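1. sequence plus predicted model, see below.
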Amino acid sequence: MENIKEKKADSDYKLIDLLKFICAFLVIGIHTRPFQTSSNLLDKFFYYDISNYAVPFFYACTGYFLIAKSSNENMHAKLIFRCKKILRIYLMWSAIYLPLTISGWIIEGGLNPAYLILCLRNFVFVGDNFYSWTLWYLNGLIFALLLIDILLRKFSVKQIANIGAFVYLIGIGLTMLNGHLESLPLFLQRPVNLYFTLFATTRNGLFQAIVFVAFGMLMAEIEHADRLKLSIKNEVLAGGIYIVKVGISLIGGGSTSQRFLICQRFGSCLS
């Protein structure tokens with residue numbers, strides 16, 4: 001029985017590796033928009049409803065393997081080890097991108113000292129400086145792992161996934177409000193403006209990464225407990241929500257459809 005489970009796990013891991021390989025090309029597609037010149041409809045579908053699943057999948061894989069791979073270490077040790085590993089990679093690549101950051105200070109910042117302060121803010125909270133925007137993923141993952149480590153002291157993985165889903169929706173709301181600041185009353189305008197002044201974006205560990213890392217951990221927990229059962233009702237619900245999301249994204253773009261993303265992803269496992 002154990003051998004059968006091990007063979008099944010190896011097969012599943014190979015499938016995950018294949019999906020990661022595909023998702024790597026989808027990430028390239030996010031930035032190259034291969035259908036933009038040929039079809040506006042196809043471009044929107046690919047950009048908002050296919051390729052934007054790639055980064056969440058990578059986050060979920062990190063969470064999944066924290067639990068799926070057997071180890072004598074407790075979860076706190078696993079999270080800290082993973083966090084330190086990602087931090088080393090983040091620091092190394094930040095150093096590699098440092099000449100470009102200095103170029104940005106000269107080109108964009110005009111040698112203004114305030115620009116360097118913004119660069120420091122971006123390094124700590126965003127992972128995005130002059131041409132180093134690709135590092136936001138690592139920055140977000142570091143914060144997500146630290147937050148999950150703290151939350152696990154009081155909450156279960158499922159509760160953290162639910163909290164992450166709620167916070168994810170708050171992040172979408174903040175982004176939408178930031179695009180219409182002039183229309184907001186002062187009691188909303190000021191805190192929203194203050195948030196983006198301090199943290200620049202909601203594309204970070206709190207509002208994006210934590211939910212998908214926790215989702216991956218939750219899937220591994222369900223799998224370990226042999227509770228991973230297909231539910232036609234949940235699959236139909238998830239598929240229906242995805243169809244609605246596709247329709248809205250084709251009409252109004254990704255910012256309009258993102259609120260349906262969490263419902264579609266969690267509909268089949270949190271019930």
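-> On my side now, so go ahead. Numbering: from 1, shown residues only.
2. geometric centre of the chain: which residue is closest?
-> The residue lying closest to the centre of the chain (C-alpha atoms, centre = their mean) is Ala209, at 3.7 Å.
3. quick one: that residue and Leu141 touch, right?
-> Yes - look at Ala209 against Leu141 with C-beta atoms under 8 Å: they come within range, at 5.6 Å. All C-beta spots, glycine's among them, are computed from the backbone N, C-alpha and C.
4. which residues touch the residue nearest to the centre of the chain?
-> Ala209 makes contact with 59, 140-141, 143-144, according to C-beta atoms under 8 Å, 6 or more residues apart in numbering.
5. give me that answer again for 10 Å
-> Shown in contact with Ala209 (C-beta atoms under 10 Å, 6 or more residues apart in numbering): 55-56, 58-59, 62-63, 136-145, 147-148, 164, 168, 203.
6. repeat that for Leu138.
-> When the contact criterion is C-beta under 10 Å, 6+ apart, the partners of Leu138 are 86-87, 89-94, 127, 209.
7. 7 Å instead, please
-> Taking C-beta atoms under 7 Å, 6 or more residues apart in numbering, we find Leu138 in contact with 86, 89-90, 127.
8. nearest to Tyr13, of those residues?
-> Nearest to Tyr13 among these, counting by C-beta to C-beta, is Ile86 at 20.2 Å.
9. and the closest one, how far from Thr62?
-> Distance of Ile86 to Thr62, given as C-beta to C-beta, to the nearest Å: 9 Å.
10. show me the common contact partners of these two, please.
-> By the contact definition C-beta under 7 Å, 6+ apart, Ile86 and Thr62 are jointly contacted by Leu141.
11. helix, strand or coil for Arg153?
-> Put simply, Arg153 is coil when judged by DSSP: H, G, I helix; E, B strand; the rest coil.
12. quick one, helices of the stretch 101-250 of the chain?
-> 113-121, 136-151, 157-178, 186-199, 210-224, 232-252 (DSSP state H, counting those that start in this stretch).
13. thank you kindly, that will do.
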